[in-house]
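> After the sequence you'll find the predicted model.
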Amino acid sequence: MPKISDIQETPNPNAVKFILKEPVTNGVARQFDSADKAQNDPLAKALFDMSHVVSVFYMDKMVTIEKTDEGDWDELLPQLAVPIRATESTATTTTTPGTSSDAASLGGSLAAVMSDDPRLAQINEILDEKVRPALMSDGGYLEVLGIKDNTLSIRYQGACGSCPSSLTGTLMAIEGMIKQEVDPELEVIAV
């Protein structure tokens with residue numbers, strides 16, 4: 001049962017980030033953009049059971065929840081805290097090596113591990129060092145989906161998924177870094 005350490009606003013006015021004292025995953029990013037997709041995840045399902053929740057993202061000691069424009073944070077925050085506090089901490093559970101949870105713990109680098117394109121490992125290293133920490137501080141994350149025809153596909157998660165600044169300025173900055181440090185021919189798109 002993780003305790004909530006802090007609740008922080010994000011650059012996305014419809015998203016807040018809960019900072020926990022104990023992890024709810026060990027490096028595994030989990031993103032749900034509908035109640036239907038959250039049916040097999042107890043924490044996400046419980047959060048979607050609240051009115052006005054439109055997306056749930058969690059990883060390690062962070063849970064980011066996005067609401068509709070009509071939702072009122074003053075009413076929602078106390079309700080959302082209940083299932084977050086009730087979820088089991090991964091600090092008290094263990095995973096058997098080789099399980100699907102183990103593979104998912106590779107997070108954004110899963111595409112790099114599964115691909116034979118050597119650029120993906122270098123891209124993920126740059127993102128881990130220069131981009132993902134900033135996105136996580138804003139309640140979000142970034143997943144690399146792969147490279148096809150000199151186009152790098154990425155997916156923003158959490159608060160970044162619908163934030164206008166991530167879809168413009170951050171995307172341009174990522175593309176600039178990738179072009180400068182990896183391949184000047186690569187284009188970057190968010191899907």
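Structure's in. What do you need? Numbering: from 1, shown residues only.

> Please name every helix or strand in contact with the longest helix seen in the chain.
Determined from DSSP state H, the single longest helix within the chain is helix 73-86. Helices and strands touching helix 73-86, by 3 or more C-beta pairs under 8 Å, 6 or more residues apart in numbering; DSSP states H and E, are strand 4-9, strand 15-20, helix 42-48, strand 62-67. Any C-beta I mention is one placed from the backbone N, CA and C, and that applies to glycine too.

> Give me whichever of those is most buried.
strand 62-67 (a mean of 26; mean count of other C-beta atoms under 10 Å).

> Report the distance from that strand to the chain centre.
9 Å (C-alpha atoms, centre = their mean, to the nearest Å).

> That strand relative to strand 4-9, how many degrees between them?
Here strand 62-67 runs at an angle of 40 degrees relative to strand 4-9 (axes from the mean of the first three to the mean of the last three C-alpha atoms, to 10 degrees).

> Show me what strand 62-67 is packed up against.
Against strand 62-67 (3+ C-beta pairs under 8 Å, 6+ apart) you get strand 15-20, helix 42-48, strand 53-59, helix 73-86, strand 151-158.

> Mean pLDDT added to those, as TSV?
Formatted as TSV, the helices and strands packed on strand 62-67 follow (pLDDT from 0 to 100):
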stretch	mean pLDDT
strand 15-20	95
helix 42-48	97
strand 53-59	96
helix 73-86	95
strand 151-158	93
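
> Out of the ones you listed, which is closest to residue 188?
strand 151-158 (4.8 Å; C-beta to C-beta).

> got the helices and strands packed on strand 62-67 as CSV, with distance to residue 169 columns?
Output for those, formatted as CSV (distance: least, C-beta to C-beta, whole Å):
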stretch, distance to residue 169
strand 15-20, 17
helix 42-48, 29
strand 53-59, 20
helix 73-86, 25
strand 151-158, 12
